[in-house]
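**Student:** Quick one: sequence plus predicted model below, questions after.
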Amino acid sequence: MSLVEYKIDEQVAILTWNSGENRYNPDFLKAHLDTMAEIEENTDARVLVVRSAHEKIWCNGIDLEWLAPVIFEGDKAPVKKFFFQLNDFFRSFLSSPLITVACMNGHAFAGGVMVACTCDYRYMRSDRGFLCIPEVDLGMRFLPGMLAILKNSISGHTIKDMALSGRRLTAEQCLTAGIIQKACHVDELIDETLAFAKTLIKERAVVAAIKRDLYSEVLRVMDIEDPVVIHAGGWSV
């Protein structure tokens with residue numbers, strides 16, 4: 001089984017992450033980026049739905065079991081390369097000519113929340129799963145681009161509380177806070193998400209232009225501010 005797979009339903013690409021907890025490491029990120037390129041270059045998809053093969057976890061962010069030993073070795077080059085690759089991963093949603101919908105069929109923690117916020121819309125299962133940004137408990141800082149991504153989709157008081165407390169939010173709390181568009185029981189989630197996705201079939205060129213304008217500040221921060229922090233090794237406290 002590939003780390004990332006997809007199928008086409010009419011003009012909707014359903015992308016499935018198959019990497020267990022779908023934690024970010026070089027292999028997972030490359031598989032995702034390669035699959036996104038294939039969808040955009042070789043299909044007529046206009047909308048992308050992103051789901052997880054895991055029954056309880058949508059995405060748990062950075063693979064610390066991979067990253068921690070690399071940092072401990074003291075060679076900053078592979079760490080810098082990883083964070084630039086991670087930004088390419090986030091850009092694959094922000095700059096995609098497809099409208100993107102996160103079909104969150106499980107927990108999203110840390111970088112999982114960030115990638116959800118790079119999607120244009122978010123549907124979340126209501127019967128299980130939390131959104132949580134636990135960096136405060138992990139001793140990790142946010143790159144400027146990460147904060148820009150979060151602030152673009154989550155209101156100021158909510159993101160401040162999530163970042164400082166590490167508090168977990170349920171689907172209903174996320175809906176109330178305006179982070180997600182809909183909360184559904186898991187038995188209905190993919191059908192509800194696909195039905196919504198099929199109302200979003202638009203011209204790629206127009207979508208790409210509008211998204212460039214919508215996310216211009218986020219992309220500016222990622223392009224200009226993130227490299228300074230990454231090269232300075234500012235990924236942890």
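**Tutor:** Yes, it's here.
**Student:** Now do the helix ranked longest in the chain: which elements does it pack against?
**Tutor:** Longest helix in the chain by number of residues, with DSSP state H as the criterion: helix 76-94. With contacts defined as 3 or more CB pairs under 8 Å, 6 or more residues apart in numbering; DSSP states H and E, helix 76-94 has these neighbours: helix 26-42, helix 64-72, helix 111-118, helix 144-153, helix 216-220, helix 226-231. (Glycine included, C-beta is placed from N, CA and C.)
**Student:** and those helices, which one is worst for confidence?
**Tutor:** Among the helices and strands packed on helix 76-94, helix 64-72 has the lowest mean pLDDT, at a mean of 93.
**Student:** quick one on the thing from earlier: chain center to the longest helix of the chain, what's the gap?
**Tutor:** Using CA atoms, centre = their mean, to the nearest Å, the mean C-alpha position of helix 76-94 is found 13 Å from that of the whole chain.
**Student:** And stretch 119-136, by the same measure?
**Tutor:** In terms of CA atoms, centre = their mean, the centre of stretch 119-136 is found 10 Å from the chain centre.
**Student:** can I get the CA coordinates of that stretch in CSV?
**Tutor:** Taking only C-alpha atoms (Å, rounded to 0.1, in the frame of the first residue of the first chain), the coordinates of stretch 119-136 have been written out as CSV:
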residue,chain,number,x,y,z
CYS,A,119,-7.5,23.6,3.2
ASP,A,120,-10.2,25.9,1.9
TYR,A,121,-12.9,24.0,3.8
ARG,A,122,-13.0,21.6,6.8
TYR,A,123,-15.5,18.9,7.6
MET,A,124,-15.0,16.9,10.8
ARG,A,125,-16.4,13.8,12.4
SER,A,126,-18.6,14.7,15.4
ASP,A,127,-18.5,11.4,17.4
ARG,A,128,-14.7,11.2,17.9
GLY,A,129,-11.6,13.4,17.4
PHE,A,130,-10.0,16.5,18.7
LEU,A,131,-8.1,19.5,17.3
CYS,A,132,-5.1,20.3,19.4
ILE,A,133,-2.0,22.4,19.1
PRO,A,134,0.3,21.0,21.9
GLU,A,135,3.6,22.7,20.9
VAL,A,136,3.5,24.6,24.3
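**Student:** Can you list the buried residues in it?
**Tutor:** Residues of stretch 119-136 classed as buried by neighbour count (16 or more other CB atoms under 10 Å): 119-126, 129-135.
**Student:** What residues of the longest helix of the chain count as buried?
**Tutor:** Using 16+ other CB under 10 Å as the test for burial, helix 76-94 gives 79-80, 82-83, 85-94.
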